[in-house]
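*Asks:* how would this look folded up:
(chains A and B, ligands or ions: 2)
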Amino acid sequence: MHRLKLFHRVILRPLLAEPSRGLLTLVAVSLGVAVVIAIDLAGFAAAGSFRSSMESLAGKAVFEITASSGIPEETLGRLATLPLPLRFEPRIEEYVTDEASGVTTSLIGIDLVAHAQRNVVVGEQTGLEILDNPRAAWVGAGLGKRPGEDLRITIQDRSEVLQVAGVFTEQDDGAQTGPNRVMVVDFPVAQALTGRAGLVDRIEVGIPEGLDEAETRAAIEAVLPPGVELRPFGTRTDANRRMLGAFRWNLRILSGIALVVGAFLIYNTISVSVVRRRGEIGVLRALGVTRGGAQLLFLAEAAAFGAAGGLAGAGLGTLMAQGAVGMLAATVNALYVTSTPGTVALTGWHLMASLLLGMGVSLVAAFAPAREAGSIAPVEAMARGRREYDVRVHAGRNALWAALLLAMGAAFCGLPPVDGRPLFGYLATLLLILGTAMLLPLLIVLLNRLTQRRVHSLLGVEALLASRSLAGSLRRSAVLVGALSTAVAMMVSVGLMVGSFRETVLVWMDNQIQADIYLRAAAPSSPDNYPPIDTAVGDAIAALPEVHAVDRFRAVSLMVNNRPATLGFADSQMMRTLGRTSFLPGQDREAILRKLPVGPYVIVSEPFSQKHDARPGDTLRLPLPDGPFDVTVLGVFNDYSSERGTVFGDARVFGPHFPREEVTSLSVYLKAGVPLEAGRAAVEQSTANRRVLLFTNRSLREEAIRIFDQTFAITWALEAVAVFVAVMGMAGALVALVIDRRGELSLLRFLGASKGQIRGLIYFEAGLLGLISNTVGLALGFALALILIYVINRQSFGWTFQFHWPGMLLLGALSLIYAATLASAWFPARVATRLNPIEVIHEE
Amino acid sequence: MSSMAILRMDRVSKHYRSNGVDVPALRHFSRDFEPGEFVALVGRSGCGKTTLLNLAGAMDFPSSGEVWIGDQMTSALDDAGLTRLRRTRIGFIFQFFQLLPTLSVAENVELPLLLAGAGDARTKALDRLEWVEMADFAHRMPHQLSGGQMQRVAIARALVHSPRLLLADEPIGNLDTTTGNLVLNLLRRAASERGATVLMATHSPESTSIVDTVIRLRDGVVEEVNHPACTV
Ligand SMILES: Nc1ncnc2c1ncn2[C@@H]1O[C@H](COP(=O)(O)OP(=O)(O)O)[C@@H](O)[C@H]1O
Ligand SMILES: [Mg+2]
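*Replies:* Ligands and ions are numbered 1, 2, ... in the order given. Predicted structure coming up:
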């Protein structure tokens, strides 16, 4: 009971007396928590959505049968002869665009006569006559269509009109899949629409209880033709999830930065609390409060901040997630798999996590200051302790620790990834940040010593007072600089990484994009989904008088070593003569490309090489439609178009393994002297009846860079929040500084300082803190960028890129941060000038 | 009307509002203070000494009446004007010395000049430190000094811009008798040698023996005025 009273007297009351300080800390913590929660929620919604309503429609399947490029329909007949009570649900799947709304969704063909979920889709009463309409489609309620309406879709390279026969509302049980926007058509209709006559994309297998899974599996596999495989249901989803794992992890780590910055600020707040009430604590100790009791008091303060900040963060995080989910889904779509954003839902689990996160971070941050409180001796009640206290920071000892941490961090950079994740890279980042923070006191002392004499003759007495008081309250200023410089460093490092990446991609595109015109089907595409273009299109274009050559490229999504990858093939000799694909250093491009068409050879993209540890000379087993195919890797080429990893071969080698000839993109080289506009017009005309997207060399580059920038938008948003938290914290800390030094500030008024000079002093302090933070942040950011680029990125994505300084961007960002730091001094300066000197000075 | 007066207080009253209650801290105080005059304000705690010093130092405005510092009436000035007044005419000394802990002794002393943007700060600071016999400590930090030494530094600081008015609030309240006497002597000399008007609030009876005038306050009203030096 008396503990509570103490908490009220020593902690609560003083806090309530200065609401602005407490509030700022609270906002900082809750923002930190909010960002982490938001990223997790949004990441889950964005990633969860490719699970899509497609799966749930099937009910509970145990196995699925798939093939790289369609299962021959006869397989179904063979399966039906199996003497087992199995349920086989064949389906066709295709991504399409609803032209009215522009929404990307999936078109699923199922057997509407026999499918187990028939009732869900077409309704119970409806008879078979509805299947007479070859354009009938049943759509999820999420599309907002009404029965009888026309449904115009883009499918592959065509536009088609269906008719809404019914709307089904059934949502699946997972809350994360978002509104149901699936389009369902009868199986033969889907085959016709997708041009997959005689083929099935996937067969879901339901087995009744009591049947032995292993035996059933063997029985099924016995009747499957080569190239068709049986796997547990959901394998692809799991693989996709795993693939997205690294991406989501990196985002999580980034979002954690805001929390780290928040931790610095909690540390600051609790330190201020302790320092401020040193005398009071001394008295309490003299009156019998134990060491642990004093500690507990301040830990409780931190816990209270953490709990309140955590709860507020959960709410704020949900809001932020709503904004972020669209951005994340776009990234997932551009780099990994087709996805449509799901819904963001704050679960009890997330609420709990927010609370624990807030409290955990706060308690850890408060540990040192609370211990300090516990160590206050009863006699200090009599001493006027603050002055000496601040001097007590052991700048030298801290520097030793810093050296140790930094050395450890450097060592960690050389360690390999753990389970595909750059854990040691992350650790190195953390160690670097902590090490730098520990180096700060020494840095500030040195800086102050350096400017000992000169500073006021150059910049005025305000500068002298500001620099002295920063050095005087070393611990506090070091923590502030720590918080701000961490935020700045993260910004700089991510800026450097993204900037380098972008520059590398630009250079790569210059090489890669050599053709004059590019075409692909207008239907939704992504690294796992390549809608085909009719082969006649390529032939028609090749016959145009303006055209020199057409490179026909076919991409197929397949699984290599249980990971999703892309197999691409085309005329490699055209690539050799017209293209400029580059290989990793030391590999002979000419020789590799010459050898490619003569045997079972491939080249692999850099991310593929990293993920599968595939080097020149290694053998890969590719699951082709007609069975496994062993190929030898000849080289590793630079590729920044997808993180999934690409295997490339010659069309002459791979084409025959596929049931039908198909093309997914065309690169058109115009004859020398043909103006781009003329060529483009000719190509456009020859494809007038097709839904294809046509890019000129330039527009393709622009599109690629647009996608790139959109991909990193979320990263920038995270950075901005971290910086915002730091600047807020700066304002809060400066207010504390003002309140703490109100005696000194009042004294200055007695000694002839004008209000302007007091204001100037506060601005100078903010300016100095900002300057040191920006400088330290820039240096730390550079080091972190090296880790990000050469350790974390390489280990988790497998890309190499050239280091590049995005100079203007960084300069702009740093100036902005600096301006924000100065602006954060506005409120504290106001507080400082409004102090009543005579009241303050006689308080003491 | 003596335009010679360094400080002139004319029917000055000061009321504070504290929890809705009107507290009269000083009532109808009138007096002219002459150059070189050393005045002690005595009376028990709460009688209005600090209030009077704050009014005299242009740190606060009277509720009624006029405070003239030289030819300037304080209530007619804005903040900038008051600041200018403090920078040129007034020096303050406090019970708890109030040296800035992060500045060296010399820097503390030159601070008023730096704030005022005046030249020659270091020379003048060293000169005043010499005067209070603390020149050897110019480069020490405040926490390396004893209480008496700190107060001497504070006096040097209060005199660094050669103010005509020196206001000292309980300057020896925190010092032992011997050190206190040293400080008192310095104030005495500031009045006699430098011609400053010194107003000192004090508790200690023995300190009144070396002043020119003793003003005894009681509940904000002058109870008695003595001239101990003249009676000798
Ligand atoms: N800021 C203030 N608000 C309210 N009352 C005040 C204030 N300052 C002083 N007083 C009151 O005015 C009276 C005179 O105070 P003060 O001049 O400080 O006395 P002294 O310095 O002689 O001890 C006291 O009753 C005190 O409580
Ligand atoms: Mg007093």
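*Asks:* pairing partners for the lengthiest strand in chain A, with directions?
*Replies:* The residue-count maximum for a strand in chain A (DSSP state E) belongs to strand A:547-560. Sheet pairing of strand A:547-560 (DSSP bridges) gives strand A:563-570 (antiparallel), strand A:665-670 (antiparallel).
*Asks:* of those strands, give the one that comes closest to ligand 1.
*Replies:* Proximity to ligand 1, assessed across those by CB to the nearest ligand atom, is greatest for strand A:563-570 (74.9 Å). In short, each C-beta sits where N, CA and C put it, glycine included.
*Asks:* and the following helix or strand past the closest one, what does it pack against?
*Replies:* Remark: after strand A:563-570, the chain's next helix or strand is helix A:572-577, criterion DSSP states H and E. Under the contact definition 3 or more CB pairs under 8 Å, 6 or more residues apart in numbering or on different chains; DSSP states H and E, helix A:572-577 sits against strand A:547-560, helix A:589-595, strand A:646-650.
*Asks:* which residues of chain A lie near ligand 1?
*Replies:* Neighbours of ligand 1 within chain A, by CB under 6 Å from any ligand atom: A:E839.
*Asks:* lowest-pLDDT helix or strand in chain A?
*Replies:* Between all helices and strands in chain A, the lowest mean by mean pLDDT, DSSP states H and E belongs to helix A:386-391, at a mean of 43.
*Asks:* verify the contact between B:G148 and B:N181 for me.
*Replies:* No: if you go by CB atoms under 8 Å, B:G148 and B:N181 don't touch, sitting 9.8 Å apart.
*Asks:* any idea which element A:A165 lies in?
*Replies:* With DSSP H and E as criterion, A:A165 is part of strand A:158-168.
*Asks:* no wait, A:R181
*Replies:* Going by DSSP H and E, A:R181 is not part of any helix or strand.
*Asks:* I figured it hits A:L151, correct?
*Replies:* No: counting by CB under 8 Å, A:R181 sits too far from A:L151 to count as a contact (11.7 Å).
*Asks:* who touches both of the two?
*Replies:* Contact criterion CB atoms under 8 Å, 6 or more residues apart in numbering or on different chains; residues shared by A:R181 and A:L151: A:98, A:139.
*Asks:* now chain B, which segments are flagged as low pLDDT?
*Replies:* Applying pLDDT under 70 to chain B flags the ranges B:1-4, B:229-232.
*Asks:* enumerate the residues of it near ligand 1.
*Replies:* Residues of chain B lying near ligand 1 (CB under 6 Å from any ligand atom): B:16, B:18, B:23, B:25, B:45-51, B:201.
*Asks:* mind putting those into a markdown table with secondary structure and neighbour count?
*Replies:* A markdown table is the format used below for the residues of chain B next to ligand 1 (DSSP: H, G, I helix; E, B strand; the rest coil; neighbours: other CB atoms under 10 Å in any protein chain shown):
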| residue | secondary structure | neighbour count |
| --- | --- | --- |
| B:Y16 | strand | 13 |
| B:S18 | strand | 9 |
| B:V23 | strand | 13 |
| B:A25 | strand | 23 |
| B:S45 | coil | 8 |
| B:G46 | coil | 13 |
| B:C47 | coil | 21 |
| B:G48 | coil | 23 |
| B:K49 | helix | 26 |
| B:T50 | helix | 22 |
| B:T51 | helix | 25 |
| B:A201 | strand | 25 |
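*Asks:* check those residues and tell me the two furthest apart.
*Replies:* Within the residues of chain B next to ligand 1, B:S18 and B:A201 form the most distant pair, 20.3 Å apart (CB to CB).
*Asks:* and the helices in chain B?
*Replies:* B:49-56, B:79-89, B:105-116, B:121-131, B:147-159, B:177-194, B:228-231 (DSSP state H).
*Asks:* grab the most central residue of chain B for me.
*Replies:* B:L167 (0.7 Å; CA atoms, centre = their mean).
*Asks:* quickly list what that one is bridged to.
*Replies:* Beta-bridge partners of B:L167, counted by DSSP bridges, are B:F92, B:L199.
*Asks:* so who does it touch?
*Replies:* B:L167 makes contacts with B:53, B:56-57, B:90-93, B:199-200, as judged by CB under 8 Å, 6+ apart.
*Asks:* pull out the buried positions in stretch A:748-760.
*Replies:* Using 16 or more other CB atoms under 10 Å in any protein chain shown as the test for burial, stretch A:748-760 gives A:748-754, A:757-760.
*Asks:* please read the previous query as pertaining to stretch A:546-563.
*Replies:* Those would be A:546-560, A:563, for stretch A:546-563 by 16+ other CB under 10 Å.
*Asks:* and if you look at stretch A:591-610?
*Replies:* A:592-593, A:595-597, A:601-610.
*Asks:* do the same with stretch A:3-19
*Replies:* A:6-7, A:10-12, A:14-15, A:18.
*Asks:* so which of those comes closest to A:G313?
*Replies:* Out of the buried residues of stretch A:3-19, the member with the shortest distance to A:G313 (by CB to CB) is A:L15, at 19.2 Å.
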